[in-house]
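>>> Sequence and predicted structure, then a few things I'm wondering about:
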Amino acid sequence: MAGKAGITPRQVNFAVEYLETCNASEAYRTAYNTGNMQAKTVWEAASRLLHNSKVVAKIEEIRKGTMLTVDDILEEFEEAREVAKNNDNASAMVAATAGKAKVLGLDKLTLAGDKDNPLRIVQGMTEIELHEELQRIQLRLTSIDA
């Protein structure tokens, strides 16, 4: 066990469990022997740990080390899309594009159009329908550019 200056292994375990569950009492029950403790006592002990500067610092350290940013996720989807493109896997390309759209919240948009606007309602489309719609849009854009 670490000395007074350090953080104990149980405190580290509490920090990890807290980040996984977002529930201090549950994290405390996992990290410590609470078999004979009342719920209020567990809650109080967990609350004390959440106010312990060493534990708070460990939680932030773990959070920063494991947190993905939107840019990280978009980059991974783009890499997957490129691999799919290089392997002529249209379905995987559409899935990667749909993943990017979901991360950006675009899957919740409802787009509508008419004969002069190639956009249609995309919410609720299957991957195949979305792929076909993207092909129609590409054809329409190609004819406009020509």
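All right, it came through fine.

>>> My read is that Ile59 contacts Leu19, right?
Yes. Ile59 lies in contact with Leu19 (C-beta atoms under 8 Å); the separation is 6.4 Å. The way it works is simple: take the backbone N, C-alpha and C, and place the C-beta from them, glycine included.

>>> which of the two has more neighbours?
The neighbour count for Ile59 versus Leu19, taken as other C-beta atoms under 10 Å, is higher for Ile59 (21 against 16).

>>> which helices and strands does the worst-scoring helix or strand of the chain on mean pLDDT pack with?
Across the helices and strands of the chain, the lowest-confidence element by mean pLDDT, DSSP states H and E is helix 127-145, at a mean of 75. Contact analysis of helix 127-145 by 3 or more C-beta pairs under 8 Å, 6 or more residues apart in numbering; DSSP states H and E lists helix 90-103 as its packing neighbours.

>>> The helix it packs on to helix 127-145, inter-axis angle?
90 degrees (axes from the mean of the first three to the mean of the last three C-alpha atoms, to 10 degrees).

>>> Please name every helix or strand in contact with helix 90-103.
Under the contact criterion of 3+ C-beta pairs under 8 Å, 6+ apart, helix 90-103 touches helix 70-86, helix 127-145.

>>> would you turn these into a markdown table with mean neighbour count?
A markdown table is the format used below for the helices and strands packed on helix 90-103 (neighbours: other C-beta atoms under 10 Å):
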| stretch | mean neighbour count |
| --- | --- |
| helix 70-86 | 14 |
| helix 127-145 | 13 |
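
>>> JSON lines for those, including distance to Ala92?
Formatted as JSON lines, the helices and strands packed on helix 90-103 follow (distance: least, C-beta to C-beta, whole Å):
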{"stretch": "helix 70-86", "distance to Ala92": "3"}
{"stretch": "helix 127-145", "distance to Ala92": "10"}
